[in-house]
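# kindly generate the corresponding structure for this input.
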Amino acid sequence: MTALGDRLDQIKAEGRSALIGYLPVGYPSVEGSVRAMTAMVEAGVDIVEVGLPYSDPVMDGETIQLAAEAALATGTRVADVFTAVKAVTDAGAPAVVMSYFNPILQYGPDRFADELLAAGGSGVILPDITPDSGAGWAEVAATRDIDTVHLVALTTTPERMHLTCQASSGFVYAAALMGVTGERASIGEGVDALVERAREAGAPRVCVGLGVKTAAHAAQVASYADGVIVGSALVRCLADHPDDLDAGIAALRAKTEELAAGVRGHV
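Residues are numbered from 1 along each chain as shown. Okay, the predicted model is just below:
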């Protein structure tokens, strides 16, 4: 079992849900993103999703798209993700990479997996491939004990649900809403049932993302999921302070503490 699975099981034994925070490497700079990810861990994030910026982010909403574009414009490269992963694990949290598959394919799946392991990473979340169209990634990951996280949605058929949950390790990512990432006024209906469907289909653990932005949202999702995934609301903290990284990180710490209170039942 990886550090990711171990941490999720440990948190479940504590009687709560995990807080999983996403930030893209390279935004506003590689050094700045590393500082921000470390600050999230210090403020209460249990697991960090390290985003690998990509030029065609079909799942991402405006906030994350703009951050990814800015990161690419400043020269962020695939190798920078491993710098961030090491910083996160050094800070005491498991790190998983959130990436579309094309950058991994171009970098070389074996090379990517080896460098991820060397940096202390636990797994990869792949939003744009299914278990039966992974171009050999599953075999690469399995030989190195790297978790591969696939996504399920409200529209996932029973057959695809079973296939996806059986093929995923670490956890299954349950998309709370249809569409792209982004902050929402409320969590979509039926997400608790989606989590239960995934568990019945064999998901080792189920974490929910898309739309979570407040402590109340986090508490709601934490009542039925193994993990609460937050992205856009955290990236927004940095985006709202484009010329003052210290202020952005201060806002990020405050938002993380708010969300952490939610998953810990302190709201």
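
# below-threshold pLDDT in the stretch 101-250 of the chain: ranges please.
Residue ranges of the stretch 101-250 of the chain with pLDDT under 70: 134-135, 177-189.

# which parts of the chain are helices?
Along the chain, counting by DSSP state H, helices occupy 3-13, 30-43, 62-73, 80-90, 101-107, 109-119, 137-142, 158-167, 191-200, 215-222, 232-239, 245-263.

# export those helices to JSON lines and append columns for mean neighbour count and distance to Tyr22.
All C-beta atoms are positioned from the backbone trio N, CA, C, and that covers glycine. JSON lines is the format used below for those (neighbours: other Cβ atoms under 10 Å; distance: least, Cβ to Cβ, whole Å):
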{"stretch": "helix 3-13", "mean neighbour count": "17", "distance to Tyr22": "14"}
{"stretch": "helix 30-43", "mean neighbour count": "21", "distance to Tyr22": "9"}
{"stretch": "helix 62-73", "mean neighbour count": "19", "distance to Tyr22": "8"}
{"stretch": "helix 80-90", "mean neighbour count": "22", "distance to Tyr22": "12"}
{"stretch": "helix 101-107", "mean neighbour count": "16", "distance to Tyr22": "16"}
{"stretch": "helix 109-119", "mean neighbour count": "18", "distance to Tyr22": "17"}
{"stretch": "helix 137-142", "mean neighbour count": "17", "distance to Tyr22": "20"}
{"stretch": "helix 158-167", "mean neighbour count": "17", "distance to Tyr22": "20"}
{"stretch": "helix 191-200", "mean neighbour count": "18", "distance to Tyr22": "18"}
{"stretch": "helix 215-222", "mean neighbour count": "22", "distance to Tyr22": "14"}
{"stretch": "helix 232-239", "mean neighbour count": "24", "distance to Tyr22": "7"}
{"stretch": "helix 245-263", "mean neighbour count": "20", "distance to Tyr22": "12"}
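
# which one, of these, ends up nearest to Asp56?
Nearest to Asp56 among these is helix 101-107; the distance by Cβ to Cβ comes to 7.8 Å.

# what does that closest one contact?
The contact list for helix 101-107, computed with Cβ atoms under 8 Å, 6 or more residues apart in numbering, reads Leu52, Tyr54, Asp56, Val78, Phe112, Val124, Leu126, Asp128, Ile129, Gly134, Ala135, Trp137.

# can you check stretch 64-74 too?
Defining contact as Cβ under 8 Å, 6+ apart, one finds that stretch 64-74 is touched by 22, 24-29, 33, 51, 53-55, 57, 60, 181-182, 231-232, 235, 238-239.

# from these, which would you call buried?
22, 24-29, 33, 51, 53-54, 57, 60, 181-182, 231-232, 235, 238-239 (16 or more other Cβ atoms under 10 Å).

# ok, back up a step: now distance to Gln65 too, for the contacts of helix 101-107, in JSON lines please.
Shown next, in JSON lines, are the contacts of helix 101-107 (distance: Cβ to Cβ, whole Å):
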{"residue": "Leu52", "distance to Gln65": "14"}
{"residue": "Tyr54", "distance to Gln65": "10"}
{"residue": "Asp56", "distance to Gln65": "10"}
{"residue": "Val78", "distance to Gln65": "18"}
{"residue": "Phe112", "distance to Gln65": "23"}
{"residue": "Val124", "distance to Gln65": "20"}
{"residue": "Leu126", "distance to Gln65": "18"}
{"residue": "Asp128", "distance to Gln65": "15"}
{"residue": "Ile129", "distance to Gln65": "20"}
{"residue": "Gly134", "distance to Gln65": "24"}
{"residue": "Ala135", "distance to Gln65": "24"}
{"residue": "Trp137", "distance to Gln65": "24"}
